[in-house]
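Peer 1: Task: produce atomic coordinates for the following.
(chains A and B)
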Amino acid sequence: MKYLDEFADPELARGLLDDIARTVTRPWSIMEVCGGQTHTIIRNGIDQLLPDDVTLIHGPGCPVCVTPLETIDRALAIAARPEVIFCTFGDMARVPGSNGDLLSVKAAGGDVRLVYSPLDAVHLARQFPEREVVFFAIGFETTAPANAMTVQMARRLELTNFSLLVSHVLVPPAMTAILEAPRRRVQGFLAAGHVCTVMGMAQYVPLVERYQVPIVVTGFEPLDVLEGIRRVLAQLEEGRAELENAYPRAVSFEGNPTARRVVDEVFEVCDRQWRGIGLIPRSGWRLAPAFAEFDAEQRFDVGSIVAEESPRCRSGEVLQGHITPPQCEAFGTGCTPRSPLGAPMVSSEGACAAYYQFRRLNGPALASS
Amino acid sequence: MTTTPLDPQNWSCPVPLRDHPTIVMGHGGGGRLGAELIEHLFLPAFGGTGSILAQLGDAAVVQAGAARLAFSTDSFVVRPRFFPGGNLGDLAINGTVNDVAMTGAVPLFLSAGFVLEEGLALDELGILAQTMGAAARRAGVEVVTGDTKVVDAGHGDGAYITTAGVGLIAPGVDLGPHRVQPGDVVLVSGPIGLHGIAVLSVRDGFEFGSEILSDTAPLNGLVAALLAAGVDVHMMRDPTRGGVAAILNEIAASSDTGVEIVERSVPVPEPVSAACSLLGLDPLEVANEGRLVAFVGRDDADHALEVLRSDPLGVGATAIGQVVAEHAGVVVARTGIGGTRVVDLPLSEQLPRIC
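Peer 2: Predicted structure coming up:
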């Protein structure tokens, strides 16, 4: 597998950084939408290498972070049932609900399993016909096709013991919400490359035109991110607002029509609560009526769940780019990866965790430099 | 020593443990949760800060008459029990041999305790025992005592093995955090991450085609070679659970110095870095079972590398960083593109990222 060292080449990075430094003449604020990009930026110290005039705002693109508290509480209630095998992606397991997380449900005897592919959950359903297998289907457009495939497969296999707890979210409505916000600071976007791999680029054309904002589809390795930043800054300095593709090795304008067909068949658009942000209209996917039999929320009566966030957690402002994690009073003291108040402190893609892990020293000076 | 009934209120610092009222998998993951369990629950129960246990190394160094002994124990619960490059039996011998050897001791005698689940195939137990015998002979140690217990079906996971080992520390050998000082060079004896990824590659529900073999191996030969060559070794550790990140953090904290590594110098084999990239894991946090990290005096680094590389287990030895007086207790990495980041102690077991 190539693309690892090549896209972290120090000399090429230096060239891009020099180019950026020459381009920038005044302050600009850019949002990287995706949590994967936030991770790359902080893990590689990219934000420290950029000119002071460039501010990176970390967007709401960590699906784990924006999954609503009520949904997590529902997941905990379902996972605790004795007949259930509850399958989840790893980083969802430690996200705190109102009362513990999935790992504590597991420790208390619940059958919680970390899976690497949603299809593993289907295999479990075949393997254990006497149990109820539930898969926690979260994520952006990137994970949706594989999650959608599981119910198609379950139907084909005539499985009656498989269901999804769905909390899918969509990127373009979130970007619209950020652009409509009264305190908008974002002047340009790095669009999430892997979302575009599935969805293509057409959805961003109206955003560019309506809000006159540069959007550059960007990848996830250090050089990808630097190239995305360079292109957004070039547009801003030249007064342009265009849609560009800086990730052509993975993204085409059309995206992946096969994957989209699967998603269109299985899911339908719905309003969705975003943790820390609130309700964003038409920003989620739920199971379409034709697949209602696979809906875990209908299959398991977990009563009405009303949840309240910790009043000390300012993750909503972090996710909308109003503050950086260290500006939150609880950051690093009342809120750490070990005892997180909010989801962005849990997932390695969460902005708070990324800051905590990689920037605990405030810009450490290397003795050898 | 007087004994008092256990009162949770009297734990030296109960707060961290209250996050989890029960044991969670993370307590065994070699990260911060496990360290807190030892510090706040086991250490106070077994003698507190002045005790030998408070050395908190992989092996204790104890005086027995005129002899200085290294003494260590470890339990092995790997799943699956057979993985590319080794099995539970190799691990049980090599793991304890290595823990003893990291003090600079010559490992001599091991014990082996087996907790077996009803229904385990005798053939499999035979293979594990044969493997342990072969591993012990390779390491030049002898299993001299043992124990077997059987639990009801469903109350264990096939086989768990606990080994303990003792070794003799030669006069004049003195390794430990007190020797670590700014200027020391940090060496690893070879490519990292192989064991963790090899086991992951065959774990249930996650089989991926990979030719990665576990690096499980006894390191006492390498240690003996370094000491025999007169290399100015200040401290050694084998980066098992929690990986290189965990032991660098432990050494930085216990020696009250800063550690600085250069990410591009860290030998990460391409398949390991590909698997880590795919799963969102950090190679620095992935387990090794046949590598050592050595802190050596600056002027002796080249000599140490020469000695390591002349042994088949150390051909990939390389320098990855140095000890600094700044940022005491913190490990900092210079990233591939020239930025910096803090390398933190992993919290618990690694959770693969979603996308």
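Peer 1: center of chain A - which residue?
Peer 2: residue A:62 (2.3 Å; CA atoms, centre = their mean).
Peer 1: Apart from its neighbours in sequence, what residue is nearest that one?
Peer 2: residue A:35 (3.1 Å; CB to CB, 6 or more residues apart in numbering or on different chains). Bear in mind the C-beta positions are built from the backbone N, C-alpha and C, glycine included.
Peer 1: now swap in residue A:101 and tell me
Peer 2: residue A:94 (5.1 Å).
Peer 1: before we move on, what about residue B:240?
Peer 2: residue B:287 (5.3 Å).
Peer 1: Kindly provide the distance from that neighbour to chain A.
Peer 2: 16 Å (CB to the nearest CB, to the nearest Å).
Peer 1: That residue reaches residue B:196, doesn't it?
Peer 2: Yes. The pair residue B:287 / residue B:196 is scored as a contact, 3.9 Å apart, by CB atoms under 8 Å.
Peer 1: residues bridging contact with those two, i.e. touching both?
Peer 2: By CB atoms under 8 Å, 6 or more residues apart in numbering or on different chains, residue B:287 and residue B:196 have these common neighbours: residue B:243.
Peer 1: check contacts around the residue nearest to residue A:101.
Peer 2: So residue A:94 contacts A:101, A:102, A:103, A:340, A:346, B:351 (CB under 8 Å, 6+ apart).
Peer 1: Nearest to residue A:153, out of these: which one, please.
Peer 2: Distance to residue A:153 across these (CB to CB) is lowest for residue A:102, with 23.8 Å.
Peer 1: Check what pLDDT that closest one gets.
Peer 2: Looking at residue A:102, its pLDDT reads 92.
Peer 1: which residues does it contact?
Peer 2: With CB under 8 Å, 6+ apart, residue A:102 has these contacts: A:75, A:76, A:79, A:86, A:88, A:92, A:93, A:94, A:95, A:110, A:112.
Peer 1: Read off the pLDDT value for the closest residue to chain A within chain B.
Peer 2: Closest to chain A within chain B is residue B:339: 2.0 Å, counting by CB to the nearest CB. For residue B:339, the model assigns a pLDDT of 87.
Peer 1: Strands of chain B, start to end?
Peer 2: B:60-64, B:67-76, B:82-83, B:86-87, B:106-117, B:142-151, B:159-169, B:185-188, B:233-237, B:258-262, B:293-296, B:318-324, B:331-334, B:340-343 (DSSP state E).
Peer 1: Next: the stretch 201-350 of chain A.
Peer 2: A:215-218, A:243-245, A:267-274, A:278-287 (DSSP state E, counting those that start in this stretch).
Peer 1: contacting residues around the first one?
Peer 2: In other words, strand A:215-218. A:32, A:37, A:188-193, A:196, A:201, A:204, A:207-208, A:224-225, A:227-228, A:231-232, A:235, A:242-247, A:251.
Peer 1: on that earlier part again, hang on, the residue nearest to the centre of chain A packs against residue A:352?
Peer 2: No. Assessed by CB under 8 Å, residue A:62 is found out of contact with residue A:352, at 9.9 Å.
Peer 1: Name the residues contacting each of these two.
Peer 2: By CB under 8 Å, 6+ apart, the residues touching both residue A:62 and residue A:352 are residue A:344.
Peer 1: Where does chain A get nearest to chain B, which residue?
Peer 2: residue A:45 (2.0 Å).
Peer 1: Identify the residues contacting that residue.
Peer 2: A:358, B:335, B:337, B:338, B:339, B:340, B:341.
Peer 1: longest single helix anywhere in the chain?
Peer 2: I'll assume chain A. Secondary structure of chain A read by DSSP state H shows that its longest helix is helix A:222-238.
Peer 1: I was after chain B.
Peer 2: helix B:122-139.
Peer 1: Tell me the gap between it and the middle of its chain.
Peer 2: 21 Å (CA atoms, centre = their mean, to the nearest Å).
Peer 1: likewise stretch A:63-70?
Peer 2: 10 Å.
Peer 1: Show me what counts as buried in that stretch.
Peer 2: A:63, A:64, A:65, A:66, A:67, A:68, A:69, A:70 (16 or more other CB atoms under 10 Å in any protein chain shown).
Peer 1: And the contacts of it?
Peer 2: A:35, A:60, A:89, A:91-92, A:95, A:97-98, A:138-140, A:143, A:167, A:169, A:272-277, A:305-309, A:315, A:319, A:342-344, A:346-347, A:349-351, B:354-355.
Peer 1: ok, of these, which come out buried?
Peer 2: Buried, going by 16+ other CB under 10 Å: A:35, A:60, A:89, A:91-92, A:95, A:97, A:138-140, A:143, A:167, A:169, A:272-277, A:309, A:315, A:319, A:342-344, A:346-347, A:349-351, B:354-355, out of the contacts of stretch A:63-70.
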